[in-house]
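*Asks:* Whatever this is, show me its structure:
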Amino acid sequence: MPLIDTFKALSDPVRRDILNILKDGTKKSAGDISSCFDLSPATISHHLSILKNADLIRQTKEKNYIYYELNTSVFEEILSYISGFMDKDSNK
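*Replies:* Predicted coordinates:
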C-alpha cells in the first residue's frame, strides 16, 4: 500500500479514534466500534473500509460477525520510514 494512502487514512480524527479503540489488541466488531461514536453505522463502515484499504486494520470473519484488529506491521513500517530522516550523529 502506498504510504500516501496510509497517511491519508490517518489524517481523519474519527479513523485515529478507531485505531485507538483497537490498540489494546482485542478484536472488535463493527458494532462494538460503532457504539463508541455518535455516528451512523454506515459512516463507521466507511471509515473501517478506508482503514482496511490502507492496510492499517485487518478483518476476520467468525460465524456471522466480522472482527477488526490493528495491523501493527504497517505502523512499524511508518516508524522505520520516519526514523530514516533522523540524523543519528547530530547532537542538535
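
*Asks:* Every contact and neighbour count from this point should use C-alpha atoms.
*Replies:* Fine.

*Asks:* Neighbours of Lys52, how many?
*Replies:* Residues lying near Lys52 (other Cα atoms under 10 Å) number 19.

*Asks:* So for Ile57, what's the pLDDT?
*Replies:* pLDDT recorded at Ile57 is 96.

*Asks:* Tell me how many other residues surround the residue lying closest to it once chain neighbours are set aside.
*Replies:* What sits nearest to Ile57 in space, not counting adjacent residues and going by Cα to Cα, 6 or more residues apart in numbering, is Leu70, at 4.4 Å. Neighbourhood size, Leu70 [other Cα under 10 Å]: 24.

*Asks:* The residue minimising distance to the centre of the chain and Ala9: what is the separation?
*Replies:* By Cα atoms, centre = their mean, the mean C-alpha position of the chain lies nearest to Leu56, the distance being 3.9 Å. As for Leu56, its distance to Ala9 is 8 Å (criterion: Cα to Cα, to the nearest Å).

*Asks:* same check, this time on Pro41
*Replies:* From Pro41 across to Ala9, the span is 18 Å (Cα to Cα).

*Asks:* likewise Asp32?
*Replies:* Counting by Cα to Cα - Asp32 and Ala9 are separated by 20 Å.

*Asks:* of the two, who's got more company?
*Replies:* Neighbour count, other Cα under 10 Å: between Asp32 and Ala9, Ala9 has more, with 23 against 13.

*Asks:* Tell me if I'm right that Asn71 and Gln59 touch.
*Replies:* No - at 9.6 Å, Asn71 does not count as touching Gln59 under the criterion of Cα atoms under 8 Å.

*Asks:* got the phi/psi numbers for the residue nearest to the centre of the chain?
*Replies:* With angles defined as degrees, to the nearest 10, Leu56 sits at phi -80, psi -20.

*Asks:* so it touches Leu70, yeah?
*Replies:* Yes - with contact defined as Cα under 8 Å, Leu56 counts as touching Leu70 (6.1 Å).

*Asks:* Can you list the residue ranges for helices in the chain?
*Replies:* 3-10, 13-22, 30-34, 41-53, 72-83 (DSSP state H).
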